[in-house]
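# sequence unknown, structure follows:
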């Protein structure tokens, strides 16, 4: 069991007793802090508090860097609004078609009134008819959704497993049934009052015609339908621009033709042999290692940094890399130099930072500034200095701004291979052969950096696909309503 109290790369999960309270944990924290963390916090001049989050709270509400996976509540609101738009458009279609085809039901209405039906009775009848149709549509939709999910269409389209079961979620059944009733009532009220108000004389003489205000009302509803559809389309175009921006954004490194292979279970000597043998292949341009992949988890560490007022200890993101990482990733050094294999002292005393780190301290040039690692006993490296500054790059997703980053030397983690795009599959096959020869104790597994980056935006891509599908449905429903009314006008 670890005894380091300043490890910032992991969280602690606690299962409280049923009678325990969160307030009790907060109340007991000061004693824990004084016993184990007071000396370190005084040394780095920091206040250290605990943050307790319910597990169910994390997905939509946590902003802590290591909480995975994190959802976006805004997407839930967006899909709720789009779903509401679909319901409104379908209801408008029903209202328009019911009132437009009232002429075909005048004799039916007239007979009911002749035989004593009151307007109130007719209103209830037409509303009941609307609710009944809606409930039938509700049952058909349940069967349709069940068939689609069982056929695995959505899983293939959105790469997400969906489950649909009313038996395990009675709240969903009650809410869906209530929504169907509400939609039936809402869409049936206006036609019920409109149809029940037709005079008996007009129904008998077949002289009933729609009033101008009724025609204008239907036209206004059609215009409103297309306003909703265009609004969804604008959302689709906006999301399309976001997806294009994600694909074309300069991340500060070249993400293409870059393969990563896990080698964290290999000794450094084996990794060195593996790199040497792989570089004999002319299709492999360069090779390096790093413990963190772009757009994945972030590691933080305490650093003591030289400033005008003396040394200050602060937490910064860091990358543990080897000598060839910057050249393999095709990053740009804007000041100073890269790590150098011929300079032995670089192994423990050389640091490379990004522009954001330099700007954080307000320096014009961070090169030759002194610093060292202080991380609760895990790393006690000697004092070194900054030897270079690289252009800012996105180690996290584009949702996050570029933060100060420190690079240090230590081989391991993931092997990064930059390869030529010619004979790609043959090159991967050759890499696998060499890997199996040098490290037969672990399986050969690889992935492409650009594909991993795309995977980190899978939520955005899936939301875009779904919104695009909804926009098509919106337009189809709107056009069906317009086509129905046009067809009825021509038939008259």
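Yes, it's here. A quick note: this is a predicted structure, and the numbers were derived from the prediction, not measured.

# what's the burial count for residue 348?
By other Cβ atoms under 10 Å, 16 other residues sit near residue 348. Any C-beta I mention is one placed from the backbone N, CA and C, and that applies to glycine too.

# contacting residues around it?
Applying Cβ atoms under 8 Å, 6 or more residues apart in numbering, we find residue 348 in contact with 381-382, 384, 409.

# now residue 89: how far from residue 224?
Distance, residue 89 to residue 224, by Cβ to Cβ, to the nearest Å: 9 Å.

# So which of these two has more stuff around it?
residue 89 (24 against 14).

# I'd assumed residue 227 was in contact with that one.
No: Residue 89 lies out of contact with residue 227 (Cβ atoms under 8 Å); the separation is 10.2 Å.

# Mind listing the shared neighbours of these two?
Going by Cβ under 8 Å, 6+ apart, no residue sits against residue 89 while also sitting against residue 227.

# pLDDT on stretch 94-109, on average?
Stretch 94-109 shows a mean pLDDT of 69.

# Tell me the helices and strands packed up against the helix or strand where residue 389 lies.
If you go by DSSP states H and E, residue 389 is part of strand 384-390. On a contact count with 3 or more Cβ pairs under 8 Å, 6 or more residues apart in numbering; DSSP states H and E, strand 384-390 meets strand 333-336, helix 346-349, strand 350-354, helix 355-360, strand 370-373.

# which other helices and strands contact the last one?
Okay, so that is strand 370-373. Using 3+ Cβ pairs under 8 Å, 6+ apart, strand 370-373 sits against strand 300-307, strand 384-390.

# Among the ones you listed, show me which one is buried the most.
Compared across the helices and strands packed on strand 370-373, strand 384-390 shows the largest average neighbour count, a mean of 21 (mean count of other Cβ atoms under 10 Å).

# how distant is that strand from the center of its chain?
Taking the mean C-alpha point of strand 384-390 and that of its whole chain, the gap between them comes to 35 Å (Cα atoms, centre = their mean, to the nearest Å).

# Can you list the strands that it pairs with?
Next to strand 384-390 in the sheet, as set by DSSP bridges, lie strand 333-336 (antiparallel), strand 350-354 (parallel), strand 370-373 (antiparallel).

# Residue 228: what's it in contact with?
Counting by Cβ under 8 Å, 6+ apart, residue 228 touches 85, 88-89, 474, 478.

# Buried residues of the helix of greatest length in the chain, list them for me.
Across the chain, the longest stretch assigned as helix under DSSP state H is helix 212-248. For helix 212-248, the neighbour count (16 or more other Cβ atoms under 10 Å) marks 217-218, 221-222, 225-226, 228-229, 232-233, 235-236, 239, 242, 246 as buried.

# and what of stretch 339-356?
By 16+ other Cβ under 10 Å, the buried positions in stretch 339-356 come out as 339, 346-356.

# With stretch 321-334 instead?
Here stretch 321-334 shows 321-326, 328-329, 331 as buried, counting by 16+ other Cβ under 10 Å.

# just so I have it, where are all the strands in the protein?
With DSSP state E applied, the chain shows strands at 258-262, 284-290, 300-307, 310-321, 333-336, 350-354, 370-373, 384-390, 405-409, 414-419, 447-448, listed in chain order.

# what's the closest of those strands to residue 178?
Closest to residue 178 of these is strand 447-448 (Cβ to Cβ; 46.0 Å).

# what sits up against that closest one?
258-260.

# And for stretch 304-312?
The contact list for stretch 304-312 (Cβ under 8 Å, 6+ apart) reads 45, 313-314, 361, 369-374.

# which non-adjacent residue is nearest residue 420?
Spatially, and ignoring its direct neighbours in sequence, residue 420 is nearest to residue 283 (4.9 Å; Cβ to Cβ, 6 or more residues apart in numbering).

# ok, now residue 164?
residue 149 (5.1 Å).

# Is it correct that the one you found is in contact with residue 165?
No: contact criterion Cβ under 8 Å: residue 149 and residue 165 do not qualify, at 9.7 Å.

# So for those two, which sits in the more crowded spot?
Between residue 149 and residue 165, counting by other Cβ under 10 Å, residue 149 is the more crowded of the two (16 against 10).

# roughly how far apart are the more buried one and residue 166?
Computed as Cβ to Cβ, the residue 149 to residue 166 distance reads 13 Å.

# again with residue 287
With distances taken as Cβ to Cβ, residue 287 is found 54 Å from residue 166.

# Tell me which of those two has more neighbours.
Shown here are residue 287 and residue 166; by other Cβ under 10 Å, residue 287 has more neighbours (24 against 14).

# ok, now which ones touch the more buried one?
Per Cβ under 8 Å, 6+ apart, neighbours of residue 287: 275, 278-279, 324, 328, 415-418.

# ok, residue 361 to residue 314 distance?
10 Å.

# again with residue 324
Taking Cβ to Cβ, one finds residue 324 at 29 Å from residue 314.

# need the helix or strand of this protein with the lowest average pLDDT.
Within the chain, confidence by mean pLDDT, DSSP states H and E is lowest for helix 200-205 among all helices and strands, at a mean of 56.
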